[in-house]
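# Structure, please.
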Amino acid sequence: MKPISSHGFWSRKQPFLVDKIDWNGKIAAVTRARIVWRKNLIFWHAVPPVTESLHQSPGLLNAIGIGEAPIGLQGTFSVWEDAASLRNFAYKGEAHSEAIKATSAQQWYSEELFARFAVIDERGLLI
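This is a model prediction of the structure:
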């Protein structure tokens, strides 16, 4: 994979050197956030509708939630047919759009990172 866009921080660092390219193929997305401790319950309450919407999104090839210890560090990894499919889910889907608004209004995160990658080579099975 080749990082093609990234904003935010992971442990106060920007871990990806971005190569801005015009990419029309498969795309992977990584999200990572440090949830404000007292906001964990309201954050996790908002997750199920977004997850359901994600798995019904046209163009999604695979997705998984990921986390780190201790609790409060969360993320996602997803692979999409193309950038348009990812954008449609992220910005046009009702559940995710509402979550974006709530994130801003309720300030769920003390740190967040959003990165996209061009999938330039694949090996094995994508199940």
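# From D121, how far out is the residue most central in space within the chain?
Nearest to the centroid of the C-alpha atoms of the chain, with distances taken as Cα atoms, centre = their mean, sits T31, at 3.3 Å. Going from T31 to D121 by Cβ to Cβ, to the nearest Å gives 23 Å. From N, CA and C alone the C-beta is placed, and that goes for glycine too.
# Tell me the predicted confidence for the closest residue in space to I120 that isn't next to it in sequence.
Spatial nearest neighbour of I120, chain neighbours left out: K2 (5.5 Å); criterion: Cβ to Cβ, 6 or more residues apart in numbering. pLDDT recorded at K2 is 95.
# just the one 4 residues further on next, same as before
Reported pLDDT at S6 in the predicted model: 94.
# and it, bridged to which residues?
Taking DSSP bridges as the rule, S6 bridges to A115.
# pretty sure it is touching R32, no?
No: using Cβ atoms under 8 Å, S6 makes no contact with R32, being 10.5 Å away.
# Between these two, point out the one with more neighbours.
R32 (23 against 18; other Cβ atoms under 10 Å).
# Okay, and that one sits in which element?
strand 27-35 (DSSP states H and E).
# one step back: distance of the residue nearest to I120 from V119?
Counting by Cβ to Cβ, the gap from K2 to V119 is 9 Å.
# N40 too?
N40 is 32 Å from V119, by Cβ to Cβ.
# can you give me the strands in this structure?
For the chain, applying DSSP state E gives strands covering 2-8, 27-35, 60-68, 73-80, 109-118.
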